[in-house]
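The following block contains a protein sequence and its predicted model.
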Amino acid sequence: MKRHVALAGFMASGKSTIGRRLARRLSWEFCDTDSLVTREHGAIADIFTSEGEPAFRAYEHDALAAALDRPVSTVIALGGGTLTLAANRELVRHRAYCVFIKVSPKQILARILRSREARPLLGNDPTLARISELYAKRMADYESADFAIDASRRSDAQVIAEILHWLRERKILTAGDAS
């Protein structure tokens, strides 16, 4: 009954970019849980400031459930901390094939420093030490994914090709899907 592909990984690992492109290749819909939360509740940084992380995680859970309830096959980009909650891991396990996009903490820092997006859990001055610490805490949750791909030295096109290969190899897609 699984009909979705969920992309998991640390913040700035490329889940949304890869997810959009993968969805296009599959002719599936695309959904980003952070965007769903933002659309419904406002900026993530503002939620963390005014309501705290527990409120954000509750909104994130609701967004995940809504994404997984979609009646059509969807590529879902998960927020970086989505899998830290057991209830979310369980939902994903039952309703989607989960792919962990692994990127090194050093690359993540470089991407975050180029981005204008606020990252509440990293503070105003993100450091490699803080990213490495949080990444290490989340690693077991990320590794619960069905498939992991090290995207550190691969282009988005190569990552997508490898995900498609894995989906076909597992007979999740047929050879004719996603030319």
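Structure's in. What do you need?

next one: phi and psi at the nearest residue to residue 32 once chain neighbours are set aside?
Nearest non-adjacent residue to residue 32, counting by CB to CB, 6 or more residues apart in numbering: residue 77, 4.4 Å away. Placement of C-beta: from N, CA and C, glycine included. Main-chain torsions, residue 77, degrees, to the nearest 10: phi -90, psi 120.

any idea which helix or strand of the chain has the worst average confidence?
helix 105-114 (a mean of 87; mean pLDDT, DSSP states H and E).

Give me the contact list for that one.
10-13, 103, 119, 122, 126-128, 131-132, 135, 152 (CB atoms under 8 Å, 6 or more residues apart in numbering).

possible to save those residues as CSV with neighbour count?
Listed next are the contacts of helix 105-114 as CSV, based on neighbours: other CB atoms under 10 Å:
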residue, neighbour count
10, 25
11, 23
12, 23
13, 25
103, 24
119, 20
122, 17
126, 19
127, 12
128, 13
131, 23
132, 15
135, 20
152, 13
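
Among those, find the lowest-pLDDT one for me.
Of all these, residue 122 has the smallest pLDDT value, namely 69.

Show me the helices in the protein, by range?
Using DSSP state H, the helices of the chain run over 15-26, 33-41, 44-50, 53-68, 86-95, 105-114, 128-142, 156-169.

Indicate which one of these is closest to residue 3.
Residue 3 sits nearest to helix 86-95 of all the helices of the chain, at 7.8 Å, using CB to CB.

tell me what the closest one is packed against?
strand 4-8, helix 53-68 (3 or more CB pairs under 8 Å, 6 or more residues apart in numbering; DSSP states H and E).
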